[in-house]
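[1] here is a sequence with its predicted model. Questions after.
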There are 2 protein chains.
Amino acid sequence: MPVSPLAPPGGFPGLGEVAGVTLAAHAAAIRYPDRMDMMLAAFASGTTAAGVFTRSRTAAAPVLVCREHLPNPGPRALVVNAGVANAFTGRRTGLKHCRVVCAAVADALACEPGQVFPASTGVIGEPLPIERIVKSIPHLVRAQHGRGWLDAAQSIMTTDTFPKGASARAEIDGVEVVLNGIAKGSGMIEPDMATMLAFCFTDAAIPRDILQQALVQGASTTFNAITVDGDTSTSDTLMLFATGAAGNRRPRSLDDPVLDAFRRALTGLLGDLAVQVVRDGEGASKLVEVRITGARDDAAARAIAASIANSPLVKTAIAGEDANWGRIVMAVGKAGQEIDPDRLEIVIGGVQITRDGERIGSYDESIVSQHLKQKEVRIDVDVGVGPGAFTMWTCDLTHGYITINADYRS
Amino acid sequence: MPVSPLAPPGGFPGLGEVAGVTLAAHAAAIRYPDRMDMMLAAFASGTTAAGVFTRSRTAAAPVLVCREHLPNPGPRALVVNAGVANAFTGRRTGLKHCRVVCAAVADALACEPGQVFPASTGVIGEPLPIERIVKSIPHLVRAQHGRGWLDAAQSIMTTDTFPKGASARAEIDGVEVVLNGIAKGSGMIEPDMATMLAFCFTDAAIPRDILQQALVQGASTTFNAITVDGDTSTSDTLMLFATGAAGNRRPRSLDDPVLDAFRRALTGLLGDLAVQVVRDGEGASKLVEVRITGARDDAAARAIAASIANSPLVKTAIAGEDANWGRIVMAVGKAGQEIDPDRLEIVIGGVQITRDGERIGSYDESIVSQHLKQKEVRIDVDVGVGPGAFTMWTCDLTHGYITINADYRS
């Protein structure tokens, strides 16, 4: 599979160690031979964890188990496989397999199964090849080291064309902490919750409740602001593990000023990973930023942004580099939110196209057409009724998407 | 453009006269030369009208004018153009053009502008070529006759690959009445309201309020149960004109038993036209019927059906003739409705795939794969919690859709 034309030119970033985290990847032949398809991350004692999961009513078994384990003290491991999602595998089989995996990891690391977090991605409806997975765990435990980020990022890929990683730093009360993250896409990406798999790790010391609040808040404008095709996976998982090894003073609340820089760094990290997922959207040839202003409130702005970002007609027009801004009017209209059609302003690539509800007389389509030939497209829409704003990222809808998805399982 | 492989093999049906209705079509060079792109239907005095329109917040000027004219007594004409939608043309320009067109038709037919219903379809954001349209009206008035159905159906086409028409008959209190209808698609088709343009005509005598109720009810399981791409047009219009020329006893209410056969015939007519629109969905190679049962109520069933019918991943799997039923699980889950994952049953082409929340042991994918090679695909899903049911029609998502929509305006 060719690498997406939107892949970051510099490749995977050089990620340093996060004190208290070791990683390993392994080729377990879960679906295909000779590729890394399992990863393990192990955590020092005293680690806290936060998680945001799919809202799907058919959530996969690993999501159910992660939710169940999240309140337990002292997370010790994350174990992930690609190839088979362990979703819709029946309450008996799917959950049983999850528990077998957690128990095997707990055995090898001398902890409790409830301190292990499982995640799976891949085909829905097929049972995990549980023997091969369990057999791989001793290999993973032996192979762990502090710099296995690229291997880990590669091992969780499915239709991704490049591995995704990001890093950030911040100070908490004078102590420097590091944040690393890896993620995978790249279909079934929808903005109504965390999307796909993303795992972040920091050596900061942050109590569990505060960590959870910070993650939820950070996800709201990053992983919950991207869409590839509007489909929501049964397995969407975003987790953040904080080992505490940096030894900073623990913040007392989410609003504790010592946490400000960390929260900014976390949002930056999540945003970096989320946009990488969109850049690798199935068949994507262009990254599209949709910025709504002037809505009744931020929620209304988000609904309008999502309507544009998920519209097949808008996305195919961008794929065709066609300045067909009428389709944006359509998508604004169908969102069902309060707008003022007589004040609707549409701007593409910085060029204002409409004013007072109609096309500007001097509008020059050729400038917009030039902008649409770029790899990054920006759409600004002001709907003219209030202070609400929201920005969303999506990609175009191309023949590549059809090719990948009409032929994915074969 | 090739005709859709799903076009009815018999072609356009032979539609007879509807007493009190005359039609004409004309080539007005609105967007392309040498093709019919305007139609006029004129009605006998005593006609009643009903209409269902787009819920878009950026509804086109003709929709606003139709809504305004609907309460007026004695509709006398319907005037439609293809090529330019007169949508988002500014409150001044767009509405003014509509009123000019209505006035010109009213002049020619010696009626009031408020008795004329305008409709437009085509590109959004460009003003109507109002001189060419007004100049065409005398030609249209001169050319009217009682059997111009095929010409009328052809004149309203845009990206449609075949003209759409249907007919039905019923008795009201012993008097036979006829119903004819024409429609056009074929992108921006979404189930949340009537879709595209559809015009139906009957010689039945039915008071306006009852006609409106009958149309709304008939649309709910037909035009509001189809989707091509989930996008909602700014111009969606479904109208029904009843001339009264058949001379039947006028029903006293929607529930008047004399109206039963008419209501069944109307729902049949609307369903016939609606499915024709899906068959001509942009790029469609398969017609897909999605039937949900076991939901909390019919509205929940409709939301689940729409989630499946609009899912790009489900639609591309069908295009690829891939029995990837896990994507149906995903689409059920993301609908956000109450379901019982442990009782979810998925049936494709009559073959049961899942029971009690997992794949049936004896499931034979090759039989489902055979079904998916057909031009008509049926998906049945029971979500296991209640009596709610709804059936929706959609088409697959193919390279053809991308080709048409990445290049539509050029």
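    Arrived safely, thanks for sending.
[2] how far does stretch A:19-31 sit from the chain's center?
    Offset of stretch A:19-31 from its chain centre (CA atoms, centre = their mean, to the nearest Å): 20 Å.
[3] and that stretch, which residues are buried?
    With burial defined by 16 or more other CB atoms under 10 Å in any protein chain shown, the residues of stretch A:19-31 counted as buried are A:19-26, A:28-31. Using the backbone N, CA and C atoms, a C-beta is placed for each residue, glycine as well.
[4] let me know the outermost residue of chain A.
    Within chain A, A:Gly361 marks the point farthest from the mean C-alpha position, 41.4 Å out by CA atoms, centre = their mean.
[5] hang on, A:Thr22 packs against A:Ala143?
    No - if you go by CB atoms under 8 Å, A:Thr22 and A:Ala143 don't touch, sitting 9.3 Å apart.
[6] where do the helices sit along the stretch 251-400 of chain A?
    Ranges of helices in the stretch 251-400 of chain A, per DSSP state H, counting those that start in this stretch, are A:260-279, A:298-309, A:312-319, A:326-334, A:365-372, A:399-405.
[7] between the ones you listed, which one is closest to A:Met392.
    helix A:298-309 (4.0 Å; CB to CB).
[8] shaky segments in the stretch 51-200 of chain A?
    Applying pLDDT under 70 to the stretch 51-200 of chain A picks out residues A:186-195.
[9] got the residues of it near chain B?
    A:54-59, A:85, A:87-94, A:123-126, A:187-188, A:190, A:192 (CB under 8 Å from any CB of the partner chain).
[10] ok, of the residues you listed, which come out buried?
    A:54, A:56-59, A:85, A:87-90, A:93-94, A:123-126, A:187-188, A:190, A:192.
[11] need the strands for the stretch 101-250 of chain A, in chain order.
    A:116-123, A:164-172, A:175-184, A:197-202, A:237-242 (DSSP state E, counting those that start in this stretch).
[12] chain center to the longest one: distance?
    Right, strand A:175-184. 14 Å.
[13] so which bits of it are buried?
    Buried, per 16+ other CB under 10 Å, within strand A:175-184: A:177-184.
[14] I'd like those residues laid out as CSV, including distance to A:Asn81.
    Listed next are the buried residues of strand A:175-184 as CSV, based on distance: CB to CB, whole Å:
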residue, distance to A:Asn81
A:Val177, 29
A:Val178, 27
A:Leu179, 24
A:Asn180, 21
A:Gly181, 19
A:Ile182, 15
A:Ala183, 16
A:Lys184, 12
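[15] what's the closest of the residues you listed to chain B?
    Nearest to chain B out of the buried residues of strand A:175-184 is A:Lys184 (CB to the nearest CB; 16.5 Å).
[16] which residues touch the closest one?
    Going by CB atoms under 8 Å, 6 or more residues apart in numbering or on different chains, A:Lys184 touches A:82, A:121, A:153, A:156-158, A:160, A:164, A:196-198, A:277.
[17] show me which pair in these is furthest apart.
    Farthest pair in the contacts of A:Lys184, by CB to CB: A:Ala82 and A:Val277, 14.9 Å.
[18] pull up the overlap in contacts between A:Thr22 and A:Ala143.
    What both A:Thr22 and A:Ala143 touch, as defined by CB under 8 Å, 6+ apart, is an empty set.
[19] in three-state terms, label A:Ala50 for me.
    Going by DSSP: H, G, I helix; E, B strand; the rest coil, the secondary structure assigned to A:Ala50 is strand.
[20] that one contacts A:Gln217, correct?
    No - using CB under 8 Å, A:Ala50 is not in contact with A:Gln217, being 10.7 Å away.
[21] comparing the two, which shows the higher neighbour count?
    Between A:Ala50 and A:Gln217, counted using other CB atoms under 10 Å in any protein chain shown, the more crowded position is A:Ala50 (24 against 15).
[22] distance check, that one against B:Ile348.
    39 Å (CB to CB, to the nearest Å).
[23] which single one of the buried residues of stretch A:19-31 is nearest to B:Cys98?
    Once CB to CB is applied, the member of the buried residues of stretch A:19-31 that ends up nearest B:Cys98 is A:Arg31, at 58.3 Å.
[24] beta-bridge partners for the closest residue to the closest one other than its chain neighbours, please?
    Once flanking residues are discounted, A:Arg31 sits nearest to A:Gly83: 3.1 Å by CB to CB, 6 or more residues apart in numbering or on different chains. On the basis of DSSP bridges, A:Gly83 is bridged to A:Gly122.
[25] next, count neighbours for A:Gly83.
    Neighbours of A:Gly83 using other CB under 10 Å come to 21.
[26] what residues are up against it?
    Under the criterion of CB under 8 Å, 6+ apart, the neighbours of A:Gly83 are A:30-32, A:37, A:121-123, A:158.
[27] and the two most separated of these?
    Spatially, the most separated pair among these is A:Tyr32 and A:Thr121, at 13.5 Å (CB to CB).
[28] among the contacts of A:Lys184, which one lies nearest to A:Gly400?
    A:Asp160 (13.7 Å).
[29] would you confirm that that closest one contacts A:Asp280?
    Yes - counting by CB under 8 Å, A:Asp160 touches A:Asp280, with 5.4 Å between them.
[30] A:Thr22 is in contact with A:His145, correct?
    Yes - using CB under 8 Å, A:His145 is in contact with A:Thr22, at 5.9 Å.
[31] correct me if wrong: A:Ala219 contacts A:Leu273.
    No - using CB under 8 Å, A:Ala219 is not in contact with A:Leu273; the gap is 10.6 Å.
[32] now whatever residue of the stretch 51-200 of chain A ends up closest to chain B, nearest residue through space, not along the chain?
    Taking CB to the nearest CB as the measure, the point where the stretch 51-200 of chain A comes nearest chain B is A:Ile124, at 2.7 Å. Counting by CB to CB, 6+ apart, A:Ile124 lies nearest to B:Gly326, which is 2.7 Å off, once chain neighbours are set aside.
[33] how near is A:Gly14 to B:Ala204?
    76 Å.
[34] tell me which of these two has more neighbours.
    The residue with more neighbours, out of A:Gly14 and B:Ala204, is B:Ala204; 31 against 11, by other CB under 10 Å.
[35] now do the same contact list for the residue lying closest to that one once chain neighbours are set aside.
    In space, not counting the residues next to it along the chain, B:Ala204 is nearest to B:Val177; the distance is 3.9 Å by CB to CB, 6+ apart. Listed by CB under 8 Å, 6+ apart, the contact set of B:Val177 reads B:169-171, B:202-204, B:246, B:248, B:262.
[36] top of the residues you listed by neighbour count?
    Going by other CB under 10 Å, B:Thr202 tops those with 33 neighbours.
[37] so how far is chain A from the closest residue to it other than its chain neighbours?
    Once flanking residues are discounted, B:Thr202 sits nearest to B:Leu179: 4.4 Å by CB to CB, 6+ apart. To chain A, B:Leu179 is 30 Å away according to CB to the nearest CB, to the nearest Å.
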